Every structure is written in structure tokens, then in C-alpha cells.
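J.: below are the sequence and a predicted model; questions follow.
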Amino acid sequence: MKKIEGGVTAAKGFQAASTAAEIKYKGRADMAMIYSEVPCVAAGTFTTNVVKASPVKWDQNVVYNHAFAQAVICNSGIANACTGTEGYGYCKKTAETAAEALGISLESVLVASTGVIGMQLPIERIQKGIEKMVPLLSETVDAGSNAAKAIMTTDTVHKEIAVQIEIGGKQVTIGGMCKGSGMIHPNMCTMLSFVTTDIKIKKELLQEALKEDVQDTYNMISVDGDTSTNDTVLLLANGMAENMEITEKNEDYETFKKALNYVNTVLSKKIAGDGEGATALFEVKVTGAKTKKDAVILSKSVVTSSLTKAAIYGHDANWGRVLCALGYSGVLFDPEKVDLYFESVRGKIKIIENGVSTGYDETEATKILSEEEVTVIADMKMGEASATAWGCDLTYDYVKINADYRS
């Protein structure tokens, strides 16, 4: 596998465009379009929140009930959530406008929105934005990067990744972009992720690969414990790599899954590290758990602990908060067996052994915790299972950002 420059336009046949439609923001791009030259098989996973935004409902219908998709229209600023039949009608109008402008079917247009809940979309601006973007569609790296920037809300950086692999003697590319900074919590998050690939694969296998991979990637991140109404991950495969179609779970399928996992892991960590107000990516690795389920629960319990997140922000090796979070997770374990480590590029330090402090050097621990990426490793010594979760520190700025989000 080779990492390459770019994002959603890296795979053969995919183009992107963006524009400033003034949906909520002034003076910046706030709409993006992804388009494939040929129809794609599509897979998707969506928020588990009972309150689902209109675009989620629209996309579920497209992904689950139609053979192909060919375009994605995304806006930032307004989420089109809790907007009733009018909001769903705007999804249809968005798709109709895009379908006519691109010369494709209505059922092949996916839509996505992110931003403030409860506001209706200014549909005329959305439609004008689509008309502006179609002539701008391009397969360049810049076009993909600009599209990634256009879907940002409180994000501080745009997020994209692309890789190449070889399948059946053909070069296959997978590229993706995502947005997410706040209201991030599994299962799924205000997280939007769009992944494109030129691999040729059966639709059912594409869906299965994505659904399985989401469990170890996007569903293992948390910024603030709030599960959004708009979470959407879409995976489009247009087959233009011309590999022999993957129709069964063979070696080619496993190769694709590994590359997909890499792309989704990178995007997930970018979201976690760019949490609202965050200064550090906070990674929690649990090893030696009895089962994978236990390891997942334990790692999520620590990564979502407000007290632990605050300690990470303060560069404070307050290991009691970590052990406490493990203890209230609901998983049974022997606390007198647990070993705990803190790690970063500055080094690795053992904080507790068999549930008791090692008498570690506080100054050294503080140095390790002062980096932009910090890892807590908990060895439960109860079995062979492991899991990794990602989050961020909890800062003053998180409250500031969310106190006036609608202003």
C-alpha cells in the first residue's frame, strides 16, 4: 500500500467542486460536490440517533434501495435536521437540481448537510450553488482539497487521505475526505465522511466491508459524548480500475479491506484530533482484555471520561482517573492486575503496576503528556483481546465554541 497526495479525486473517474453559496457563512466556500464519470455501487452507514436528519433518510433510501449512485451534494452551515416534510422535500429538490445539471438520474444523487439543527435550508441558494459547481468539476488534487474545506463547520483543518494498492494486477486507488469536530460520539458522529474508490466490487460486499470497518474506526472516536443527527459515511466504487470484479471474500477482498481500514482510521484520528478546542489527540489502547467486546467498552470508557480528558489537557499524569474510568465501564476485571502506561513521541513511562503506582517521575510524565498526540495503554492481564479508541483533551475553548454556536 502506498500513500499518495489527495483525497476524493484521487481515484480514477472522480471529480469534485466547491462554491460559496452563503448558506450560513459569508466569504467562504460552504458547498461541495463529488461526481463520478460513471455510475458507482454505493455503501453507507448512518447515525444511530433516533432523531435522523432529512439527508440521512434520503441517503438510506438511495444506498439501500437503488443499484447505483453517481454524485454527492454536501452543504455546511445548516444541518437540515428536525425540519419535517419541508426539509425532506429540500433533499429531493437538491437531488433534482443536481440530476438535471449533471444529466443523471434523481435516484443516483446523494445529499448531506452539516451545521445548525432546526433551520430550513435556503433551497434557492443550494440550487444556485449546484449550478455554479457543475462547470467547475475537476479531477485535480486542489479540487478535492477545496471540497474538503467547503464542508467544514467548527473544524480547524480540512481532512483527506488517499492510498494506492494493487489488486489483480491493476492499480486501485482509495481516497476520502471527512469533517467533524464537535457532537462526535459513537456510534457514528456530526461527522460526514466520503470515500471514493475505482475498485470493481459487488455492492453487497462493499456494504459489508464498510459496515464491519466502521466498528473499529469511526465508532471508536469520541469528542464530547454527543451522537449527532447527521452522521453519514458514504463509500462509492465506480469500477474504473478495471480489476476483475470482487464477488467473494477472497485475497483481493482482504487486500481492499486493509486499505479501507487504513483510510478510515486516518480520517477517524483526524476528526478526534481536531475536536472542538482540542490541543491533543488522546488515544487509549486496551490490551489483555478477556474479549474484544470488553476491550472496546474499556477503551471507550476512558476516552470519554471528562476528568481524564481534562487531565490530558493539563498534562497531568492523574492515573487514578483512568483506573476509575475502567472501573465504572461495566466490565469485570481485577484492578490489582492492571498495568498502565503513558506514551508519546517523548517516550513511554509505566505509571502503575498491578494496580499500584510505580513511583514514576512526575516531571518525565508531564513531558510525555505535553505532546500533540498522547496515548494511554492499559494492560488488563485478563486475556488476549485488544482495542483502540481515539478522542481529544477537554479545554476551556470547547465550552466557548459551543456556548455561542448558533450566534
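T.: Perfect, I can see it now.
J.: now the strands for the stretch 201-350 of the chain?
T.: 232-237, 281-289, 339-344, 347-353 (DSSP state E, counting those that start in this stretch).
J.: now do the first one, average pLDDT.
T.: Summarised as a single mean, pLDDT over strand 232-237 is 96.
J.: adjacent strands (with direction) for it?
T.: strand 31-46 (antiparallel), strand 192-197 (parallel) (DSSP bridges).
J.: identify the residues contacting that strand?
T.: 14, 34, 36, 40-47, 55-56, 59, 63, 69, 72, 110, 112, 188, 191-201, 206, 210, 214, 218, 260, 264 (CB atoms under 8 Å, 6 or more residues apart in numbering). Placement of C-beta: from N, CA and C, glycine included.
J.: equivalent analysis for the last one, please.
T.: Taking CB under 8 Å, 6+ apart as the criterion, the residues outside strand 347-353 that touch it are 317, 319, 323, 338-343, 357-358, 360-361, 364-365, 367-368, 377.
J.: ok so, going back, most neighbours per residue, which of the strands paired with strand 232-237?
T.: strand 192-197 (a mean of 28; mean count of other CB atoms under 10 Å).
J.: average pLDDT across it?
T.: Rounded mean pLDDT across strand 192-197 is 97.
J.: using PDB, write down the CA coordinates of it.
T.: Output of strand 192-197 as PDB, limited to C-alpha atoms (Å, rounded to 0.1, in the frame of the first residue of the first chain):
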ATOM      1  CA  LEU A 192     -19.500  13.300   7.500                       C
ATOM      2  CA  SER A 193     -17.100  11.000   5.600                       C
ATOM      3  CA  PHE A 194     -17.000  10.400   1.900                       C
ATOM      4  CA  VAL A 195     -14.700   7.700   0.500                       C
ATOM      5  CA  THR A 196     -14.200   7.100  -3.200                       C
ATOM      6  CA  THR A 197     -12.500   4.200  -5.000                       C
END
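J.: contact partners of that strand?
T.: With CB under 8 Å, 6+ apart as the test, strand 192-197 has contacts from 8-11, 14, 34, 36, 40, 72, 74, 112, 114, 151, 172-180, 218, 230-238, 241, 260, 263-264, 267.
J.: just to revisit the earlier point, may I see the strands paired with strand 232-237 arranged in a markdown table, with distance to A81 as well?
T.: Shown next, in a markdown table, are these (distance: least, CB to CB, whole Å):
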| stretch | distance to A81 |
| --- | --- |
| strand 31-46 | 13 |
| strand 192-197 | 13 |
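J.: closest one to L332 among those?
T.: Closest approach to L332 among the strands paired with strand 232-237 (CB to CB): strand 31-46, 30.5 Å.
J.: so after the closest one, what's the next helix or strand?
T.: helix 54-65 (DSSP states H and E).
J.: and that next one, what's buried?
T.: Judged by neighbour count (16 or more other CB atoms under 10 Å), helix 54-65 contains these buried residues: S54, P55, V56, W58, D59, V62, V63.
J.: can you check stretch 381-399 too?
T.: 382, 385-395, 398.
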